[in-house]
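Asker: The sequence and its predicted three-dimensional model are supplied below.
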Amino acid sequence: MSRLSKQLAIAGTALLIGAALLPVLIYFAGVSLLGPYEGASLPHTYHSIFDGLGRGSIASWTIILGPYLLFLLFRALGAWWRAGS
C-alpha cells in the first residue's frame, strides 16, 4: 500500500468516525449527564451538526474533522519527539 493510499484510508476512516460515531457519542453523553430534554433526539443531533456544516459552524466542523485533526496532532508530536532525540 502506498503512502498516499494509506493516508487517504486514515483520513476517510477518521472522517467517517467524525460524521457517524461522534454525533452518537455526543447525544448519549448529553442525555446521560444532563438527562433527557425536550426536543432532543439522535436524528435532531445529526441534523443540527450537518446543518451547521453548511452554515460554517466551527463546532460542527470540529466534530467532523476532530478525529483526523487529533491523528495529525499525534503524528506531529511523534515527529517532534523523534527529531529531538
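Answerer: The structure has been received and is ready for your questions.

Asker: show me what contacts the nearest residue to Ala19 once chain neighbours are set aside?
Answerer: Closest residue in space to Ala19, ignoring its immediate chain neighbours: Ile64 at 5.5 Å, by C-beta to C-beta, 6 or more residues apart in numbering. C-beta coordinates here come from the backbone N, C-alpha and C atoms, glycine included. Counting by C-beta atoms under 8 Å, 6 or more residues apart in numbering, Ile64 makes contact with Leu15, Gly18, Ala19, Leu22, Ile49, Leu53.

Asker: Please repeat the previous calculation with a cut-off of 7 Å.
Answerer: Shown in contact with Ile64 (C-beta atoms under 7 Å, 6 or more residues apart in numbering): Leu15, Gly18, Ala19, Leu53.

Asker: now do Trp61
Answerer: Neighbouring residues of Trp61 by C-beta under 7 Å, 6+ apart: Leu53.
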